[in-house]
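K.L.:
Requesting a structural model of the entry that follows:
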Amino acid sequence: MASIIINLGDAFLLDTPPNSEHLYIAIAQISESSYLFVNVTSRRPNSEDACVLLPGSGVPSFIVRESAIAYKYAREINATELAELITPGSPIPKGSCSVAVLEQIQQGGLVSKRLKNKYKVALKNFLGI
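P.N.:
A predicted model of the protein is given here:
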């Protein structure tokens, strides 16, 4: 299986449980070949509010309603693994974030209470904090 080029801010529709299609955005390169991806989900009353995205300028067009970054579902993925997880038939990437939105998501990760500590440390290292 071929690998895929990953750019920070790129969004990919991944075939992951339980409902098969979940939008993930690359927010940091955490090793030579691995990236930190965070999940985007529709905002609900119990959603973490460290980063809320609204449809419109700067967010992937796939986001059509108020959405939250679900930091607790963050994953470390390399390009080869990503190629295997992409939902069949989905455009690659599914969209991209603007630099401002990417920074908003990264900053949300720093304050998130649900992002695993190992990913928070990796994000801080990536950002030079």
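
K.L.:
now the helix ranked longest in the chain, how far from the chain's geometric center?
P.N.:
If you go by DSSP state H, the chain has its longest helix at helix 99-111. Relative to the mean C-alpha coordinate of its chain, helix 99-111 is positioned 10 Å out (C-alpha atoms, centre = their mean, to the nearest Å).

K.L.:
average model confidence for it?
P.N.:
Taken as a whole, helix 99-111 has an average pLDDT of 97.

K.L.:
Could you name the helices and strands sitting against the helix or strand following that helix?
P.N.:
Once the chain leaves helix 99-111, the next helix or strand it forms, by DSSP states H and E, is helix 117-127. Counting contacts by 3 or more C-beta pairs under 8 Å, 6 or more residues apart in numbering; DSSP states H and E, helix 117-127 packs against strand 20-29, strand 34-42, strand 67-78, helix 99-111. Every residue, glycine included, has its C-beta placed from N, CA and C.

K.L.:
worst average pLDDT in those?
P.N.:
strand 20-29 - the lowest mean pLDDT of these, at a mean of 91.

K.L.:
just to revisit the earlier point, quick one: closest of the helices and strands packed on helix 117-127 to Ala50.
P.N.:
Between Ala50 and these, the tightest spacing by C-beta to C-beta is seen for helix 99-111, at 4.0 Å.

K.L.:
Now do the closest one and strand 67-78, the angle between them.
P.N.:
80 degrees (axes from the mean of the first three to the mean of the last three C-alpha atoms, to 10 degrees).

K.L.:
for helix 99-111, packing partners?
P.N.:
By 3+ C-beta pairs under 8 Å, 6+ apart, helix 99-111 packs against strand 20-29, strand 34-42, strand 52-53, strand 67-78, helix 117-127.

K.L.:
buried set for that helix?
P.N.:
When burial is assessed from 16 or more other C-beta atoms under 10 Å, helix 99-111 yields the following buried residues: 101-102, 104-106, 108-109.
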